[in-house]
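# please work out how this folds:
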Amino acid sequence: MIGVLGAGQLGRMLALAGYPLGLRFRFLDTAHDAPVRDLAEFVRAEFTDFAALDRFAAGLDVATYEFENVPVDAVEHLARCVPVFPPPAALRASQDRLEEKTFFRNLGIATAPFVAVDVRADLDRALEGIGYPAILKTRRMGYDGKGQYLIRERAAAEQAWQTLSGAVLLEGFVHFDRELSQIAVRGRDGRIVFYPLVENHHADGMLRLSLAPAPNRTPALEQLARDYARRVLEALNYVGVLTIEFFQQGEQLLANEMAPRVHNSGHWTIEGAETSQFENHLRALLGLPLGAAEARQPCAMLNLIGDLPEARTILAHAGAHLHLYGKKPRPGRKIGHVTVRAGTIEEVLDRLEKLRLSLR
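Alright, predicted model coming up:
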């Protein structure tokens, strides 16, 4: 049996990928209406309730987590009872933006310039060195664009400081060509499989659209992304799926952040790759041979955010595959996604535009 900390849509898709392999799952989450509640054994408890974690661990063969804000202490406690992958060190690095950027830099992976900011005077000094515009970010608990303040000029520095409390860092603003992500999976035997680079489009800090494989990617760019991912995987003795998000500038890549888990920009792999990221994550955890990660066809993955669409409207489109997460609609909430496939990227974009028009 596989234990999963967190019971959201990523956990749901892990379970759906595991059932054809004969796997069983147990989830632990604080939410009473978690998307996995009707799919698998579900334990409702706080992640910091170590007695509940001990009960949760009983009978598990291996454990994982489906989002990176699970307390590291909880994962380390669970690891005393059952093997946990990816390793807690990966979780720890991903939870603190300063630690994460420093980790990248120590591995020779390029990033935007960054400076730790502990007191108000640090911010002024950092702005003098980095210049404008710059982004003040909370070091912890930032996701989907939260915990960030864009400073365009000196006058905005005070408002930024007042808005974001606690430990923060300042990053230089990156004028990028596009945003990309590299998804890779490393098995318990050290073998690594890479998915093709994905082009991502965000709005209001949230991922809205992914194109896979990324159009107009060059072999050199893809090799650089894979080299960076390999450095991270091997440095952490990693097991499972890892995602690194990049800014592309010409033929250079700047690492923005990493996610030690299956990732939204990899949802296209369910219909679009030889082996989905979810199945490959499970294969890695269990020491099974990893599956091929090549794209079957060009794909687009469109997030459904806020409103629940009519299934009939989406499924009327050629090449469209609908995934709903069992979550109640509310503004800014990811409630599902649609994957669109076709023989060429031009056909994908044409089908995507028709789909978007119908959803409006």
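# which secondary element of this protein has the worst mean pLDDT?
helix 157-163 (a mean of 88; mean pLDDT, DSSP states H and E).
# buried stuff in that helix?
Of all the residues in helix 157-163, those buried under the rule 16 or more other CB atoms under 10 Å are Ala157, Ala160, Trp161. All C-beta atoms are positioned from the backbone trio N, CA, C, and that covers glycine.
# what would those residues look like in TSV with distance to Val340?
Shown next, in TSV, are the buried residues of helix 157-163 (distance: CB to CB, whole Å):
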residue	distance to Val340
Ala157	43
Ala160	39
Trp161	43
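# closest to Thr64 out of those?
Of all the buried residues of helix 157-163, Thr64 sits closest to Ala160, with 36.3 Å by CB to CB.
# measure that closest one to Arg154 for me?
11 Å (CB to CB, to the nearest Å).
# gap between the least confident helix or strand of the chain and the chain center?
Relative to its parent chain, helix 157-163 has a centroid offset of 28 Å by CA atoms, centre = their mean, to the nearest Å.
# what's the next secondary structure element after it?
For helix 157-163, the following helix or strand on the C-terminal side (DSSP states H and E) is strand 168-172.
# now the helices for the stretch 101-250 of the chain?
120-130, 157-163, 219-235 (DSSP state H, counting those that start in this stretch).
# okay, buried residues for the first one please.
For helix 120-130, a neighbour-count test (16+ other CB under 10 Å) marks Asp122, Leu123, Ala126, Leu127, Ile130 as buried.
# for those residues, give me TSV that also has distance to Val84 and pLDDT.
What follows is the buried residues of helix 120-130, written out as TSV (distance: CB to CB, whole Å; pLDDT from 0 to 100):
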residue	distance to Val84	pLDDT
Asp122	36	89
Leu123	37	90
Ala126	36	90
Leu127	40	92
Ile130	37	91
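# now the two most distant members of those.
When CB to CB is used, the two most widely separated members of the buried residues of helix 120-130 are Asp122 and Ile130, lying 11.8 Å apart.
# what do the two both touch?
Shared contacts of Asp122 and Ile130 (CB atoms under 8 Å, 6 or more residues apart in numbering): Val115.
# name the residues of stretch 38-48 that are buried.
Leu39, Ala40, Phe42, Phe47.
# now it - C-alpha only, PDB.
Extracted C-alpha coordinates of stretch 38-48, given in PDB (Å, rounded to 0.1, in the frame of the first residue of the first chain):
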ATOM      1  CA  ASP A  38     -14.300   8.600  -2.700                       C
ATOM      2  CA  LEU A  39     -11.300   6.900  -4.200                       C
ATOM      3  CA  ALA A  40      -9.200   5.600  -1.400                       C
ATOM      4  CA  GLU A  41      -8.700   5.100   2.300                       C
ATOM      5  CA  PHE A  42      -8.700   8.600   3.800                       C
ATOM      6  CA  VAL A  43      -7.400   9.700   7.200                       C
ATOM      7  CA  ARG A  44      -8.300  13.200   8.200                       C
ATOM      8  CA  ALA A  45      -5.700  14.700  10.600                       C
ATOM      9  CA  GLU A  46      -3.200  17.500  11.000                       C
ATOM     10  CA  PHE A  47       0.100  16.800   9.400                       C
ATOM     11  CA  THR A  48       1.800  17.600  12.700                       C
END
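# thanks a lot, see you next time.
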